[in-house]
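Novice: No letters, just coordinates:
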């Protein structure tokens, strides 16, 4: 296989691996969690008021004596539903009448009223609170062997055909398909459902003004094992540890709902230090072995210069490999040690990534006005965020993260280049030059992919990558200091 072909395949594999990293572990979101998220994007078109704050045109509710309501499909803050309707209009898909949506809201309120035991004299505040708590009934059903999403919505939809006097007010199959597709798309990428306690987490809704927390169920250790081996072995325990840390630091903020974000930032920092510290200890022997290989570069270069055609000549390649193996054996170096360490490290890094992206705590609240669940890119590209300061925080975070990643990945090369100045005098070997060029390309591509992913993922993960890069820089400097001290002895 040609060198360019190998390089292309390698780069493709690297890019695919990085892109799939965030999806390597299973989502912990339950049907109830997803139903709560869906309701955050479509909470209906009916709004309930008390007698004191009712707007002009509000109608008294038939059951609740102290509640007034308005119904409006056009003048409504439900941006999630409006966006789906706009898409349907552009695609010439017929949209249901306003009466259809009002009927859906009425069916939901009937179920919530019965479940929450609401009385005739219940206030509008009580009604709205009950809908906020149990609005997920609109999508969730636990009447089957396993809870599912959409069954109740389908049931409500069928009932509207009986309740309404005009079938033309009801949705077509094309609209139903488009509605479900749009709603599922809103929540498709949400994974932050690892929590050890029931609570209000995250930041869900179509735009910044409508975003709010939703109820997320506590996940047990046995539930984690039902998701997979690594989910039970590492992902859930790490996520649970995040919960413990956030609860320990919560005094620095204002509590779970509306926390200023310091609890989450400190939790990310501690997790980073513990995980990277463990990895440092595990890989230290391999790092020393690599350092020995760097010291042997003059001898390695001599061997490579003896066989300039090793890339194309099989006999030369075999003789060069034999001499290299003898050199490694003489100096107690195992060239495969780095590979073995990577086999151990990679699953751990994936599980840590899965735990942090899946942590309900880390999707909650904001830090310096930046929602931790929002991606850096979505904040920067929204003009309104520059006025409230969140875009400035996102930009600073991105610059710090990107700069730290560049330094962390290039620092070992800079140090090695400085140590190998004398090796260059031995002459260039085509085989060695080709390998070095390939390694540089891999480094730059990986660095670029990490920065791009940090730009597109949640802000909390950008903070994690920033701390991770700082630790990598410190690890490189500490390792080099230890190696230098050993050499002086």
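Specialist: Sure thing, it's come through. Only a predicted model underlies this, so the values are computations on that prediction, with no experimental measurement involved.

Novice: contacts, neighbours, all on C-alpha from now
Specialist: Noted.

Novice: Tell me, please, where in the stretch 201-350 of the chain the pLDDT is lower than the cut-off.
Specialist: Scanning the stretch 201-350 of the chain for pLDDT under 70 picks out the ranges 208-209, 251-260, 294, 337-338.

Novice: where along it do the strands fall?
Specialist: 212-216 (DSSP state E, counting those that start in this stretch).

Novice: before we move on, what about the stretch 1-150 of the chain?
Specialist: Listed in chain order, the strands of the stretch 1-150 of the chain (DSSP E, counting those that start in this stretch) span 46-49, 59-60, 68-71, 140-141, 148-149.

Novice: Turn the ones you listed into a markdown table, columns for distance to residue 416, mean neighbour count and mean pLDDT.
Specialist: Output for those, formatted as a markdown table (distance: least, C-alpha to C-alpha, whole Å; neighbours: other C-alpha atoms under 10 Å; pLDDT from 0 to 100):
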| stretch | distance to residue 416 | mean neighbour count | mean pLDDT |
| --- | --- | --- | --- |
| strand 46-49 | 66 | 20 | 96 |
| strand 59-60 | 77 | 16 | 96 |
| strand 68-71 | 69 | 20 | 97 |
| strand 140-141 | 58 | 21 | 97 |
| strand 148-149 | 56 | 20 | 96 |
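
Novice: Of those strands, give the one that comes closest to residue 26.
Specialist: strand 148-149 (17.4 Å; C-alpha to C-alpha).

Novice: List the strands paired with the closest one, with their directions.
Specialist: Strand 148-149 sits in its sheet next to strand 140-141 (antiparallel), going by DSSP bridges.

Novice: Residues in contact with the strand it pairs with: which ones?
Specialist: Strand 140-141 has contacts (C-alpha atoms under 8 Å, 6 or more residues apart in numbering) with 31, 32, 35, 147, 148, 149, 150, 151, 152, 153.

Novice: Redo those residues as JSON lines? Include distance to residue 93.
Specialist: Listed next are those as JSON lines, based on distance: C-alpha to C-alpha, whole Å:
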{"residue": "31", "distance to residue 93": "29"}
{"residue": "32", "distance to residue 93": "30"}
{"residue": "35", "distance to residue 93": "25"}
{"residue": "147", "distance to residue 93": "31"}
{"residue": "148", "distance to residue 93": "27"}
{"residue": "149", "distance to residue 93": "24"}
{"residue": "150", "distance to residue 93": "21"}
{"residue": "151", "distance to residue 93": "23"}
{"residue": "152", "distance to residue 93": "24"}
{"residue": "153", "distance to residue 93": "20"}
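
Novice: Next one: residue 437, what pLDDT does it get?
Specialist: Per-residue pLDDT puts residue 437 at 68.

Novice: swap in residue 5?
Specialist: 50.

Novice: With the one 3 residues further on instead?
Specialist: In the prediction, the pLDDT value recorded for residue 8 is 51.

Novice: ok so, going back, filter the contacts of strand 140-141 down to the buried ones.
Specialist: 31, 32, 35, 148, 149, 150, 151, 152, 153 (16 or more other C-alpha atoms under 10 Å).

Novice: Next, the contact list for the second one, please.
Specialist: Shown in contact with residue 32 (C-alpha under 8 Å, 6+ apart): 136, 140, 147, 149, 216, 217.

Novice: and which of these is nearest to residue 267?
Specialist: Distance to residue 267, by C-alpha to C-alpha, is smallest for residue 216 among the contacts of residue 32, at 19.8 Å.

Novice: Can I get the buried ones among the contacts of strand 140-141 in JSON lines including distance to residue 66?
Specialist: What follows is the buried ones among the contacts of strand 140-141, written out as JSON lines (distance: C-alpha to C-alpha, whole Å):
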{"residue": "31", "distance to residue 66": "34"}
{"residue": "32", "distance to residue 66": "31"}
{"residue": "35", "distance to residue 66": "29"}
{"residue": "148", "distance to residue 66": "35"}
{"residue": "149", "distance to residue 66": "33"}
{"residue": "150", "distance to residue 66": "32"}
{"residue": "151", "distance to residue 66": "32"}
{"residue": "152", "distance to residue 66": "28"}
{"residue": "153", "distance to residue 66": "28"}
